[in-house]
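# this is the structure alone, sequence omitted:
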């Protein structure tokens with residue numbers, strides 16, 4: 001993925017940033033959409049939307065058809081008598097029709113929507129369900145796996161649900177700062193993340209793959225680049241990924257200088273690296289940073305060159321990001337980048 005030059009990106013407005021995000025998704029050959037549901041809640045929402053569109057289309061055709069009939073049948077003709085046509089001052093049948101029919105349509109839509117909402121919200125939680133706590137930050141995602149005892153960021157892994165091995169993931173959603181909204185269109189509806197309040201949602205992905213989402217609630221200058229990547233893994237792949245995430249960070253003597261830079265600068269005050277003195281919670285957990293495909297919540301590919309530029313000047317890629325430029329010299333940048341590259 002091509003990186004936008006510094007000066008150009010700094011001048012991007014919010015509309016251009018949204019366009020940049022869309023271009024990024026197009027480059028990945030994946031567009032978040034509700035029209036390709038891949039879990040039970042998403043299928044229920046999709047079916048409801050199709051039902052609403054069908055009723056709306058019927059109303060449009062009925063009203064449009066009556067309008068066309070009126071225009072054609074009652075248009076002025078040269079043979080019409082001069083003067084005002086006959087006036088109709090009231091019709092009980094017509095008044096009942098335009099009152100009762102819309103009322104019935106509203107009742108049907110209300111009952112159908114309520115049924116879907118309660119079916120999703122009141123779904124029983126299986127004993128085997130995976131629990132994940134999602135915390136929204138400006139402008140990244142924190143994912144906690146209480147059962148496994150580790151924390152990761154921005155890229156969520158959950159198991160697939162099959163007929164032979166049904167499974168579901170239940171989320172607790174909250175915010176560390178402003179309001180956010182967690183939305184993966186192909187897997188579930190969007191749910192807000194609010195500080196000092198816990199919302200919940202669930203999903204049971206029906207096929208493995210990568211599903212993209214985003215924050216759907218404006219949360220600040222880099223809202224458009226607060227992206228989500230959800231990897232739906234087979235049970236074996238998820239177990240292997242979780243086992244790797246539980247391990248402490250790799251200690252490579254060849255990159256000891258970079259670790260010293262990381263621990264003696266302000267980096268360790270914001271980030272955690274398991275097995276080291278770094279226990280900061282303000283920024284993403286970096287214990288297995290290089291196991292992720294992207295940096296900065298999907299803003300760029302996770303490559304050594306991008307990682308080095310991100311450390312050098314985060315504002316280049318996400319204007320308004322809360323991570324400061326560390327003012328490291330070239331040697332320190334090379335050393336800390338080499339160290340972070342070992343965190344797989």
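Thanks, I have the structure now. Predicted, not measured: the structure shown is a model, and the values here were computed from it. Residues are numbered from 1 along each chain as shown.
# report how many residues lie close to residue 200.
For residue 200, the neighbour count with other CB atoms under 10 Å is 11. From N, CA and C alone the C-beta is placed, and that goes for glycine too.
# phi first, then psi, for residue 191.
When read as degrees, to the nearest 10, the backbone of residue 191 gives phi -130, psi 140.
# surely it and residue 180 touch.
No - between residue 191 and residue 180 there is no contact under CB atoms under 8 Å: 9.8 Å.
# of these two, which one has the most company?
Neighbour totals were compared for residue 191 and residue 180, and residue 180 leads with 30 against 18 (other CB under 10 Å).
# next up, the contacts around that one.
By CB atoms under 8 Å, 6 or more residues apart in numbering, the contact set of residue 180 is 136, 192, 193, 215, 217, 219, 226.
# assign the fifth one to helix, strand or coil.
Put plainly, it is residue 217. Of the three states, residue 217 takes coil under DSSP: H, G, I helix; E, B strand; the rest coil.
# tell me the pLDDT at residue 299?
On pLDDT, residue 299 comes in at 88.
# rewinding a little: what's the most distant pair in the contacts of residue 180?
Greatest spacing in the contacts of residue 180, by CB to CB: 192 and 226 (13.8 Å).
# neighbour-wise, which of these two wins?
Applying other CB under 10 Å to residue 192 and residue 226 shows that residue 226 carries more neighbours, namely 27 against 17.
# where does the more buried one fall, phi/psi-wise?
Torsion angles, degrees, to the nearest 10, at residue 226: phi -100, psi 80.
# by contact count, what packs against the helix or strand containing residue 69?
Here residue 69, judged by DSSP states H and E, is contained in helix 40-73. In terms of contacts (3 or more CB pairs under 8 Å, 6 or more residues apart in numbering; DSSP states H and E), helix 40-73 is packed against helix 92-121, strand 199-203.
# buried deepest among those, which one?
Mean neighbours per residue, mean count of other CB atoms under 10 Å, is largest over these for strand 199-203, with a mean of 19.
# that one vs helix 92-121, what angle?
Angular relation of strand 199-203 and helix 92-121 on a 0 to 180 degree scale: 90 degrees, by axes from the mean of the first three to the mean of the last three CA atoms, to 10 degrees.
# so strand 199-203 versus helix 40-73, what angle?
Using the same axes, to 10 degrees: strand 199-203 against helix 40-73 is 90 degrees.
# check the offset of strand 199-203 from the chain's centre.
13 Å (CA atoms, centre = their mean, to the nearest Å).
# parallel or antiparallel, list what pairs with it.
According to DSSP bridges, strand 199-203 forms sheet pairs with strand 169-175 (antiparallel).
# contacts for the strand it pairs with?
With contact meaning CB under 8 Å, 6+ apart, strand 169-175 is reached by 125, 129-137, 158-159, 182, 191-205.
# tell me which helix or strand of the chain sits lowest on mean pLDDT?
Scoring the helices and strands of the chain by mean pLDDT, DSSP states H and E places helix 6-10 at the bottom, with a mean of 37.
# mind giving me the ChimeraX command for buried ones among the contacts of strand 169-175?
In ChimeraX syntax, the buried subset of these is picked out as below (16 or more other CB atoms under 10 Å):
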select :129,130,132,134,135,136,137,158,159,182,191,192,193,194,199,201,202,203,204,205
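# quick one: which of the contacts of strand 169-175 sit in strands?
130-137, 158-159, 182, 191-193, 199-203 (DSSP state E).
# ok, what's across the strand from residue 228?
Where residue 228 sits in a bridge, its partners, by DSSP bridges, are residue 213.
# show me the shaky parts of the stretch 1-150 of the chain.
1-30 (pLDDT under 70).
# distance check, residue 191 against residue 72.
49 Å (CB to CB, to the nearest Å).
# domains in this protein, by residue range?
Here the domain parsing of the chain from automatic domain parsing is 6-31+248-340, 40-77+87-121.
# most packed of those?
Comparing these by mean count of other CB under 10 Å gives domain 6-31+248-340 as most buried, with a mean of 16.
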